[in-house]
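[1] All I have is the shape, not the residue letters:
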């Protein structure tokens, strides 16, 4: 492998699928592609590996995918469906002197420090405790040989950040899980991206997420060669809805792996 291997740890909306108390066709489906943990990806390169977001099922996602090594964590925003598994990162910094780098915008890090003060305050440096090393995202940065460009977008009344992963000058992948609109500079940065992974909640319009129609327009706007929809709600049944999409657009599902060379 010389590029990126991306594993979808979760592809679901904030309540997960099946949803509590819902008896719709998707929530009752036996198709494993309709079982959706909260949205997250695991990215592996020849040099390093990282995860984007740590939702409520993070421990279960790591067990399912046999993830045993992690060099860094990227957090898109501090909503509960993206950070409530944060403490399970302790398994990736077991020795007393081991830390796990955490990359996020300043506001997001401030909220994480409030939520997980016992980890960030520096007092608990014991073996097996979570010891995060905060890194404020202010612009592009590198993990191994991958350049990571933050992609600022709106998510209702708040901003969130997606990530563009580039290697050798190629824009291999952009990942944006929670988005309603993108800023002009974000659209410019993404032009010609090879693989786009983007928020596409459902067909019905939503105030803080893109619909399928909006996501299709966005993929055309940035000139994506290949697109995968994520952060999916139970209005979307995988086999029924994927068949209606253009050939270059697919619906992601939990456990899917993409090898981007």
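    Now that the structure is in, tell me what you want to look at. Quick caveat: nothing in here was measured; it's all calculated off a predicted structure.
[2] quick one: low-confidence parts of the stretch 151-261 of the chain?
    Regions of the stretch 151-261 of the chain meeting the criterion pLDDT under 70 are absent.
[3] Tell me which stretches of it form strands.
    158-167, 170-176, 181-182, 195-199, 226-230, 249-251, 257-260 (DSSP state E, counting those that start in this stretch).
[4] Report pLDDT for the closest residue to residue 107 other than its chain neighbours.
    Once flanking residues are discounted, residue 107 sits nearest to residue 78: 7.8 Å by CB to CB, 6 or more residues apart in numbering. Heads up, the C-betas are built off the backbone N, CA and C, glycines and all. For residue 78, the model assigns a pLDDT of 97.
[5] and residue 78, how many residues sit next to it?
    Using other CB atoms under 10 Å, the number of residues around residue 78 comes to 20.
[6] Just confirm it contacts residue 116, I think it does.
    No: the criterion here is CB atoms under 8 Å, and residue 78 misses it with residue 116 at 10.6 Å.
[7] what residues are up against the residue positioned nearest the centre of the chain?
    Nearest residue to the geometric centre of the chain (CA atoms, centre = their mean): residue 40, 3.8 Å. By CB atoms under 8 Å, 6 or more residues apart in numbering, residue 40 lies in contact with 8-10, 51-55, 58, 61, 82, 177.
[8] switch the cut-off to 10 Å
    7-12, 51-55, 57-58, 61, 76, 81-82, 85, 175, 177, 230, 254 (CB atoms under 10 Å, 6 or more residues apart in numbering).
[9] what's the answer for residue 141, then?
    Taking CB under 10 Å, 6+ apart, one finds 72, 74, 103, 135, 147-150 in contact with residue 141.
[10] can we see that at 8 Å?
    103, 135, 147-148.
[11] For it, name its beta-bridge partners.
    Residues in a beta bridge with residue 141, per DSSP bridges, are residue 148.
[12] Mind pulling up the pLDDT for it?
    98.
[13] now it: how far from residue 65?
    Applying CB to CB, to the nearest Å, the value for residue 141 to residue 65 is 25 Å.
[14] again with residue 178
    Going from residue 178 to residue 65 by CB to CB gives 22 Å.
[15] any low-confidence regions in the stretch 1-150 of the chain?
    Along the stretch 1-150 of the chain, segments meeting pLDDT under 70 span 1.
[16] So which residues of it form helices?
    58-65, 80-83, 106-115, 117-120 (DSSP state H, counting those that start in this stretch).
[17] so of the ones you listed, which one's packed in deepest?
    Ranked by mean neighbour count under mean count of other CB atoms under 10 Å, the helices of the stretch 1-150 of the chain are led by helix 80-83, which reaches a mean of 21.
[18] now that helix: how far from the chain's centre is it?
    Helix 80-83 sits 11 Å away from the centroid of its parent chain (CA atoms, centre = their mean, to the nearest Å).
[19] if we can go back for a sec, just put the helices of the stretch 1-150 of the chain in a markdown table and tack on distance to residue 235.
    Listed next are the helices of the stretch 1-150 of the chain as a markdown table, based on distance: least, CB to CB, whole Å:
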| stretch | distance to residue 235 |
| --- | --- |
| helix 58-65 | 23 |
| helix 80-83 | 17 |
| helix 106-115 | 29 |
| helix 117-120 | 37 |
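[20] buried stuff in stretch 24-32?
    Within stretch 24-32, the residues scored as buried using 16 or more other CB atoms under 10 Å are 26-27, 29.
[21] now do the same end-to-end measure for that stretch.
    This stretch, stretch 24-32, spans 15 Å end to end (CA to CA, to the nearest Å).
[22] Quick check on the residue of the chain most remote from its centre: phi, psi?
    Relative to the C-alpha centroid of the chain, counting by CA atoms, centre = their mean, residue 123 is the outermost residue, at 29.9 Å. Reported as degrees, to the nearest 10, the phi and psi values for residue 123 are phi -90, psi -20.
[23] what's the spacing between it and residue 110?
    18 Å.
[24] what residues are up against residue 30?
    Contacts of residue 30 (CB under 8 Å, 6+ apart): none.
[25] distance of it from residue 255?
    16 Å.
[26] Repeat that for residue 210.
    Noted for residue 210: a distance of 23 Å to residue 255, by CB to CB.
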